[in-house]
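Visitor: How does the following fold in three dimensions:
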Amino acid sequence: MIARENVSKALVEDVVQSFGEVRVRIVGTSMVPATLPGDLISVRRADLDEIFEGEVVLFVQNGRSFVRRVLGRGERAAAGNPEEPRWITQGDRLCHDEPPVSSRELLGLVVSIDRDNRNVELAPHGSNSLFARLLRASDRATYLYLRLGACWRTLCLQGAKCRV
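Guide: Numbering: from 1, shown residues only. Here you go, the predicted structure:
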């Protein structure tokens, strides 16, 4: 039996390779507040040399897909290929770097975010505001932020005149 996550990961990889772009729904909280669970991101195929610090990328490692912000070039060499460039990434809400991303793991660059049928601006660099640091430091604060946002969207979608 093939796991559903493996099938969807393979499908995303195939679509990016075949068509050059794919739209994927966000399910995690590691990039809050830049992306929220339920956001729809557009990802365009890109090579490592087309990616710059501060941009957000989609990649696959250990059979899982990740959306993370690029922090800089990696220092660790790839197994068997010490010349292969790699990028260091981190979720905006995470406090630690993750394993470097190689060219074969990179699927593409996040070029847009669609939230509740409107385009959301993706900040070129992760926020270091007091609010972003609070979300990074506290799972409870992140939970409350997401719940309040969900309640606000529900009120707006039920006919209240909200202009965000």
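
Visitor: Report the beta-bridge partner residues of Arg68.
Guide: Val57 (DSSP bridges).

Visitor: show me what contacts it?
Guide: Ser30, Met31, Val56, Val57, Phe59, Thr89, Gln90, Gly91, Glu98, Val101 (C-beta atoms under 8 Å, 6 or more residues apart in numbering). (Each C-beta comes from the backbone N, C-alpha and C, glycine too.)

Visitor: Arg147 versus the second one, what's the distance?
Guide: Distance from Met31 to Arg147, counting by C-beta to C-beta, to the nearest Å: 18 Å.

Visitor: out of these two, which sits in the busier spot?
Guide: Between Met31 and Arg147, counted using other C-beta atoms under 10 Å, the more crowded position is Met31 (26 against 10).

Visitor: quick one, helices of the protein?
Guide: Assigned by DSSP state H, the helices in the chain fall at 4-19, 130-137, 139-157.

Visitor: Including distance to Glu121, could these go into CSV?
Guide: Shown next, in CSV, are the helices of the chain (distance: least, C-beta to C-beta, whole Å):
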stretch, distance to Glu121
helix 4-19, 23
helix 130-137, 15
helix 139-157, 16
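
Visitor: For Glu84, find the nearest of those helices.
Guide: helix 4-19 (19.1 Å; C-beta to C-beta).

Visitor: So what's the model's average confidence on that closest one?
Guide: The average pLDDT within helix 4-19 is 70.

Visitor: same deal with stretch 67-76?
Guide: The model assigns stretch 67-76 a mean pLDDT of 84.

Visitor: buried set for that stretch?
Guide: Residues of stretch 67-76 classed as buried: Val67, Arg68, Arg69, Val70, Leu71, Gly74 (neighbour count, 16 or more other C-beta atoms under 10 Å).

Visitor: Which one of the helices of the chain lies nearest to Ser112?
Guide: Each of those was scored for nearness to Ser112 using C-beta to C-beta, and the closest is helix 4-19 (14.8 Å).
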